[in-house]
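Asks: below are the sequence and a predicted model; questions follow.
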Amino acid sequence: MTNSCLLWALCPHCTKQKTAAPMLLLLLPACLLICALPCRAQGGEQKVVLPCGVRLLLTPPQQSPYIALCLFVHTSPPASAQQNAVAEVVSRAVFYGGSDWLAGYSELALQQVGGELQILRTPHFTEFTLLTVPSKLNDAAELLCEATMHAGFSGQALQKSVQSIEQYRRQRRQSSYREAKRLLLNAVQPFPPPAAAQLRQVTSQQARLYYLHCYTPANIVVSAAGSYQPSALITAFQAYYDGFHRTSVSPAAALDSEFSTSPARRLHASLPGSAAYALLALPAPEVYSPNYAAYTVLTALLGEGHASRMFLNLRNKLALGYQARIEWRPERSEPAIALLQWNGAQPPGSRMQMLRKEVESILHRPPTQAEMKRAEGIAAGNFLRQHERLQERAFFAGWYETMGLPPAFDQRFPALLHAVTAAEVVQQAQKYFQHLTSLLALPASAEN
Amino acid sequence: MKYQSFSFLAIALLLAGAVHAQQRTDTEYTRLSNGMGVQIVSRPSALVAVSIRIRAGARYEQPGERGCAHFLEHLLFDGSQGYPQGAADSAMETLGGTLDADTGPDFVQINTTVPADNLAAALGILAALVQHPLLLPAAVERERAIILDELAMRRDNPTLLAENALYREAFAGSAYSHSPGGSPSAISVRARDTISAFYARCYHPERTVLVLAGSVQPQQALQVVNQYFGTWQNTAPVQPPTVHAPPVFSAAAPVILSSTLPQGRAAAAFRGPRASHRSLAAAAMLAAAILNHNPDFGLQSIPLLQNRHPQALYAPRLGPSLFLITARLKPDDTLQTAQQVEQALQQSVQMLRTSMLLKQPLIQGMAQVLADSSSETETDAGMAEMWSQALLTGGDPPDLLNQRMQQITEQNADTLLANYLTPSRACSVLLLPAPSKQP
């Protein structure tokens, strides 16, 4: 807690003696004018709830050339392929029109604001990251508020959204690894990214209904990091969200969707380029799962760093200059991907079996103490490095809040990693490594 | 499910003024008694990054040593005193870091970033790798196979293939003509004794800088650095600096190469200033930023280059380097189209003559360079790498680069355009894509 905590007497996270509470309570009416309940969690973020219900997370300001603003809209996992398509189109269409003001404003304003706008959609949230400079903070706040409060969905806005999605996908497909990963994820996700035809079928009415249902104040978390005045940021969002009253049912935490129990499949693909890939999709827990820390150590033990089991027993033994590792992006609610890459001029032989065997080795060869210490160390180090940049700090703070994690989760997580036991790591493998879908992708030239 | 980045204008020009507000850092440079340079950059962080950079890149390979710099970089991690094969990686990862290394034309660099409490132990590991590699015969054979596989992987990168071809062309006969990774034929035959001789000649404290960036107390850190690196001695005479002549552009027509990849590249190369020519190097960075980002004067403003991901690349080196401009060639492009793309690349520098004299593109370009620099130095690893690069090339460290960028004069721009980015002094390569196959 710090002096900036205006109502620390009421704040459940503040532990300071509350002898001054009566005096502070006298200030209550003034504070309610801005109607914010700021408090500093142990991790350093200040949480402010605006009168409309939107939550602001303010990481401690620091001198920097820019500010990162991350706005999360908490959503339920899509219930159908159609809803998935609607959510996808809406996530971009919000910046392509609606009110007269927004229609003419977005692109111009974004250029003025500078930096860039990034959009991430997962089953649990849609997130917008806006990088801006301190002098454009108000413009940036207004843009985000308008997009989440007053967007409209004309046919033109939907069309532009679909075009932008298609352009983005074309760019991604130029990497053969990304394309291989996409094919694998499409096979294991309940609702893979909708095809262009599905996106084009989304109607203005569907988009508007989805928007009104999901883009509600209670579902919105805004997280900021960088060079800013907290009071100015609160005032800006307070002003631009004035009159934002929209209610809906809060998204439920989808505990059952944390890993796929679909039967394992063996997929094949042929891709451009000269590299070959063996990929395994490893079902994974969500960040709010009690298994999260142990699973993080499990993936580090198997596939993080140059002393992981996969690196030592696959890359080094096969004398590969290519990769043997695990990639896991839990913030995207994706499975972890075990990857073995090699020069596609060489035949695949039994490499897929070797990859599977190494991943499953944990089931019959429990980790040694040295392996555990290494895995916990690199996992903790990676966690700290992932929070180095302002943009990452803003993103992760917002993500933890959106996913319902307790305050100061980021401060406690390294200790949780170091407390994981070898038995817990094996339990994770027993639970999650039962149905592994694989993809063997070979260069098109080799297939021919 | 996905991240989408809208391609908007570069960071607002206001960054140029905002750059002064960057995080407070304290810097201190010391030279140890054995000649090794130590730069400490202290700032608030939970981590500390270590960057060791040694003037032991491919340019120092003598005839018969091609590939040694890269080979040796691999062998450092495959057994050193106190750390048998794999042990150094395991020890560093237990501390929370990873060991990364890279071999370039000028330097080899070894990097790690660890939680601040683990700095001393990390330096102990790094000292063993750099000062006491075992270079065991079995390790040589193990790494030989891995490097050959790595080189095969690089054949997937058309930009790298085009870049290598341009350096071969422009620096024919000098060490810069070779790819720093070495060629498969050189790696296949390189013997342990040759690699060992390269180590003895080039791994020298006087050719080395160590940079610490992040949560570090200078006095304490210096003591630890001294403990691990202060006793490093190399009795081999220090080599005089190698002098490289500027590139020579002899061929008037583009060099035409065929690729097995579905995408090809058209690439043009101009002479680029060396890092120690700081004002010119800054002007070249600015020129690259304008070409890459300015909607009116940049590469994207040329219709033929749109949707071909054109890119200007300038990385200052210790010696003369190249200013490169590349664009994609598509499977269906004819040779004539490829030649037109190449001509468009050559002509794009003409637009710089206008834009570098106008305020708006100039300020936007400066803001972009500053934003890139700011993004790089946001992590401790990036800060350490930028400092070590600057110290060994004679270029600007991050804070001075920011100042210099704002002091670029019309004269700097004129000199760059007249003596470096001149279409009459350029060479080019067409890496033709593999023809598309009908399904």
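Replies: Nice, thanks for sending it over.

Asks: correct me if wrong: residue A:401 contacts residue A:57.
Replies: Yes. Between residue A:401 and residue A:57 there is a contact under C-beta atoms under 8 Å: 5.7 Å. (C-beta placed from N, C-alpha, C; glycine too.)

Asks: need the residues touching each of those two.
Replies: When contacts are counted by C-beta atoms under 8 Å, 6 or more residues apart in numbering or on different chains, residue A:401 and residue A:57 have A:47, A:221, A:223 as shared neighbours.

Asks: please list which of these are also close to chain B.
Replies: Restricting the shared contacts of residue A:401 and residue A:57 to those touching chain B (C-beta under 8 Å from any C-beta of the partner chain) yields no residues.

Asks: would you reformat those as CSV and include secondary structure?
Replies: Shown next, in CSV, are the shared contacts of residue A:401 and residue A:57 (DSSP: H, G, I helix; E, B strand; the rest coil):
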residue, secondary structure
A:47, strand
A:221, strand
A:223, strand
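
Asks: now for residue A:283, how many residues are close by?
Replies: Neighbourhood size, residue A:283 [other C-beta atoms under 10 Å in any protein chain shown]: 20.

Asks: and for residue B:409?
Replies: Neighbour number of residue B:409 under other C-beta under 10 Å is 10.

Asks: then the one 5 residues further on?
Replies: Residues lying near residue B:414 (other C-beta under 10 Å) number 14.

Asks: contacts for the helix or strand harbouring it, please.
Replies: Under the criterion of DSSP states H and E, residue B:414 resides in helix B:410-419. The contact list for helix B:410-419 (C-beta under 8 Å, 6+ apart) reads B:271, B:273, B:279-280, B:282-284, B:286-287, B:349, B:352-353, B:356-357.

Asks: near chain A, anything from the following helix or strand past it?
Replies: Next along the chain after helix B:410-419, taking DSSP H and E as the criterion, comes strand B:426-432. No. For strand B:426-432, no contact with chain A is found by C-beta under 8 Å from any C-beta; the gap never falls below 14.3 Å.

Asks: what helices and strands are in contact with strand B:426-432?
Replies: Packing partners of strand B:426-432 (3 or more C-beta pairs under 8 Å, 6 or more residues apart in numbering or on different chains; DSSP states H and E): helix B:158-170, strand B:255-258, strand B:264-272, strand B:321-329, helix B:335-355.

Asks: same for the helix or strand hosting residue A:326, what does it pack against?
Replies: Of the helices and strands defined by DSSP H and E, residue A:326 is found in strand A:324-327. Packing partners of strand A:324-327 (3+ C-beta pairs under 8 Å, 6+ apart): helix A:292-303, helix A:309-310, strand A:336-343.

Asks: deepest of these, which one?
Replies: Stretch with highest mean neighbour count among the helices and strands packed on strand A:324-327: helix A:292-303 (a mean of 26; mean count of other C-beta atoms under 10 Å in any protein chain shown).

Asks: quick revisit: most neighbours among the contacts of helix B:410-419, which one?
Replies: Busiest of the contacts of helix B:410-419 [other C-beta under 10 Å] is residue B:283, holding 29 neighbours.

Asks: related to what we said a few turns ago, residue A:123 is nearest to which of the helices and strands packed on strand B:426-432?
Replies: strand B:321-329 (34.4 Å; C-beta to C-beta).

Asks: want to throw the helices and strands packed on strand A:324-327 into CSV with distance to residue B:119?
Replies: Below are those laid out as CSV (distance: least, C-beta to C-beta, whole Å):
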stretch, distance to residue B:119
helix A:292-303, 21
helix A:309-310, 28
strand A:336-343, 31
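
Asks: so which of these is nearest chain B?
Replies: Closest approach to chain B among the helices and strands packed on strand A:324-327 (C-beta to the nearest C-beta): strand A:336-343, 4.3 Å.

Asks: what about the helix or strand that that closest one is followed by, distance to the chain center?
Replies: Using DSSP H and E, the next helix or strand after strand A:336-343 towards the C-terminus is helix A:351-364. In terms of C-alpha atoms, centre = their mean, to the nearest Å, the centre of helix A:351-364 is set 28 Å apart from its chain centre.

Asks: what's in contact with helix A:351-364?
Replies: A:278, A:280, A:282, A:298, A:301-302, A:309-310, A:313-314, A:318, A:324, A:338, A:340, A:342, A:425-426, A:429-430, A:433, A:436, A:438, A:440.

Asks: distance of the spatially most central residue of chain B from chain A?
Replies: Centroid-nearest residue in chain B: residue B:315, 6.1 Å away (criterion: C-alpha atoms, centre = their mean). Residue B:315 sits at a distance of 22 Å from chain A (criterion: C-beta to the nearest C-beta, to the nearest Å).

Asks: so what's that residue up against?
Replies: By C-beta under 8 Å, 6+ apart, the contact list for residue B:315 reads residue B:321.

Asks: so where is chain A shaky, pLDDT-wise?
Replies: Applying pLDDT under 70 to chain A flags residues A:1-43, A:98-116, A:248-262, A:445-448.

Asks: residue closest to the middle of it?
Replies: A centroid search over chain A (C-alpha atoms, centre = their mean) returns residue A:331, at 3.2 Å, as the residue closest to the centre.

Asks: SS state for that residue?
Replies: Quick answer, by three-state DSSP: residue A:331 is helix.

Asks: show me how the chain divides into domains.
Replies: No chain specified, so I'll use chain A. Following automatic domain parsing, one finds the domains of chain A at A:1-32, A:41-240, A:261-447.

Asks: that's the other chain; I wanted chain B
Replies: Domain ranges of chain B: B:24-229, B:255-432, per automatic domain parsing.

Asks: for chain A, which segments count as strands?
Replies: A:39-40, A:46-49, A:55-58, A:67-74, A:117-121, A:125-132, A:220-226, A:266-271, A:275-282, A:324-327, A:336-343, A:437-443 (DSSP state E).

Asks: just want the angle from the fifth one to strand A:67-74.
Replies: It refers to strand A:117-121. Between strand A:117-121 and strand A:67-74, the angle comes out at 30 degrees (axes from the mean of the first three to the mean of the last three C-alpha atoms, to 10 degrees).

Asks: strand A:117-121 versus strand A:125-132: what angle between them?
Replies: 170 degrees.

Asks: partner strands of strand A:117-121 and their direction?
Replies: strand A:125-132 (antiparallel), strand B:2-5 (antiparallel) (DSSP bridges).

Asks: OK, contacts around the closest residue to chain A within the stretch 101-250 of chain B?
Replies: Closest to chain A within the stretch 101-250 of chain B is residue B:150: 2.9 Å, counting by C-beta to the nearest C-beta. Residue B:150 sits next to A:321, A:322, B:181 when contact means C-beta under 8 Å, 6+ apart.

Asks: how far away is the first one from residue B:70?
Replies: So the one you mean is residue A:321. Note on residue A:321: its distance to residue B:70, by C-beta to C-beta, to the nearest Å, is 11 Å.
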